[in-house]
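Participant: 3D model of this:
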Amino acid sequence: MKINNILTAIKQPELYSPGTATMWNDPYISKQLLPVHLDETLDLASRKPESIDQTVDWICSKAPGAGKEKLSILDLGCGPGLYAERFASMGHDVTAVDFSANSLDYAKKSAAEKGLKINYIRSNYLDLELKENVYDLIVMIYCDFGVLIPDDYRKLLKMIHKSLNSDGRFIFDVLNDRGFHKTSFPNSWDCTEKGFWKDSPYLALSHSFVYEEEKVILEQHVVFDDSERNRIYRFWTHYYDHGKLKQLLQQNGFTALSFHEDVFPEDSIRAEENVTFTIAEKN
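Facilitator: Presented below is the predicted three-dimensional model:
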C-alpha cells in the first residue's frame, strides 16, 4: 500500500465529487445496517419507537384532509418499514420504497406476519417512474432529503410534484443550520480482520470535511484491502434554514406551508431543535 495513494485518497474533494462505492445496495454492509435500524435503544439509523409513534401521529394530523380514514401514502427511503407499518395499521393505503434488498426482505416478512398490506418496491427512489396525481401524502423521514445533492433533489421534487394529488402534501425533515457548527465528526481509523465495511481484512480511514459557504458536511470513508484497491464512500449532509427550504420548494412547484422543530422528544440523539420538519403543498 503506497503512502502517496493513501494521502491522495483522503484529501478533501471538490463539493459533490462522487465516491467510488455506495453502501445501500452492498449485500454485506446492508446486513450490518439492519440490526442498527431495529435496535429500539438506539437513534442511529432509525428513531426510537416512541419517537416514531409520535412522528407518525403528527404527520397524519398534518396530512391533507386530516382525519381522513384512508390516505394514499408514499414512503420514500422506508428501510425496514418502521413508519410504513404504522401508517398501514391506521388503515392507510401505503406504498414504500427502498434501495436495500435486505431491509425490504425484512419489511415484507414483518408486514406479512402482522397481516398488513403494504406495496413494497425495491428501487433507488430517484429512478422511480410514478403515475400522475396518485398520492395524498408523500413522506421522507430521518433527514434523508438532506443527503441529496442539488441535481438529485431537483429531480426528486419534480417526481413528487407530478405524483401528488392536487391538494397533496410532501412532509419531510432535515437538519437545520442551528446544528451546523455544533456538528463534529472526528477523524478516525479502523484496521480489522472483519468489520462493518467488509467480511475480510481492511483498513478504513474516516474523515469529515466542512463546506462552510454551502453549509454542507461530508463524511468520507476510504476502505483499503489487500488488493491495494480502495473504495470511497461519501455522505453529503446539507443544513437548511427556513429561507433556503422555501426557495428550493418554490422553485420546484411547491408552497412551504410551515416549519416545525418540536415534533419528537428531546432525548433523541438528533435533538429536536436541530431538526426541521417541513410541510409542503403542491401548487
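Participant: which stretches of the chain form helices?
Facilitator: 3-9, 27-38, 49-62, 82-89, 101-113, 150-163, 242-250 (DSSP state H).
Participant: Now render those helices as TSV, adding mean neighbour count and distance to N187.
Facilitator: No exception for glycine: its C-beta is placed from N, CA and C like everyone else's. Rendered in TSV, the data for those read as follows (neighbours: other Cβ atoms under 10 Å; distance: least, Cβ to Cβ, whole Å):
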stretch	mean neighbour count	distance to N187
helix 3-9	11	13
helix 27-38	15	21
helix 49-62	16	30
helix 82-89	23	32
helix 101-113	17	29
helix 150-163	17	27
helix 242-250	16	28
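Participant: Please identify which of these is closest to S200.
Facilitator: helix 27-38 (9.6 Å; Cβ to Cβ).
Participant: any idea of the mean pLDDT for the closest one?
Facilitator: For helix 27-38, the mean per-residue pLDDT is 78.
Participant: rewinding a little: what's the closest of the helices of the chain to L130?
Facilitator: helix 150-163 (4.0 Å).
Participant: if we can go back for a sec, looking at the helices of the chain, which is closest to F209?
Facilitator: So among these, helix 3-9 is nearest, using Cβ to Cβ, at 13.1 Å.
Participant: just so I know, which of the helices of the chain lies nearest L137?
Facilitator: Checked against Cβ to Cβ, the stretch from the helices of the chain lying closest is helix 49-62, at 7.5 Å.
Participant: give the contact list for the residue at minimal distance from the centre of the chain.
Facilitator: In the chain, the centroid-proximal residue (Cα atoms, centre = their mean) is D144; its distance is 2.3 Å. If a contact means Cβ atoms under 8 Å, 6 or more residues apart in numbering, then D144 has 76-77, 172 as its contacts.
Participant: Stretch 133-150: end-to-end distance?
Facilitator: From its first residue to its last, stretch 133-150 covers 24 Å (Cα to Cα, to the nearest Å).
Participant: Could you chop this protein up by domain?
Facilitator: Following automatic domain parsing, one finds the domains of the chain at 3-21+180-237, 27-176+240-282.
Participant: In terms of mean pLDDT, which of these ranks lowest?
Facilitator: domain 27-176+240-282 (a mean of 89).
Participant: Can you give the distance from that domain to the centre of its chain?
Facilitator: 8 Å (Cα atoms, centre = their mean, to the nearest Å).
Participant: And for stretch 196-211?
Facilitator: Offset of stretch 196-211 from its chain centre (Cα atoms, centre = their mean): 20 Å.
Participant: C-alpha coordinates for that stretch, CSV please?
Facilitator: Output of stretch 196-211 as CSV, limited to C-alpha atoms (Å, rounded to 0.1, in the frame of the first residue of the first chain):
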residue,chain,number,x,y,z
PHE,A,196,-18.7,-3.1,9.3
TRP,A,197,-17.3,-2.4,5.8
LYS,A,198,-16.0,-5.9,4.7
ASP,A,199,-16.0,-9.5,5.8
SER,A,200,-12.3,-9.7,5.1
PRO,A,201,-9.3,-7.7,6.4
TYR,A,202,-9.3,-4.0,5.7
LEU,A,203,-8.2,-0.6,6.7
ALA,A,204,-10.8,2.2,6.9
LEU,A,205,-9.8,5.9,7.2
SER,A,206,-12.7,8.2,8.1
HIS,A,207,-12.7,12.0,7.7
SER,A,208,-15.1,14.8,7.8
PHE,A,209,-14.9,18.0,5.7
VAL,A,210,-16.8,21.2,6.1
TYR,A,211,-18.0,23.4,3.2
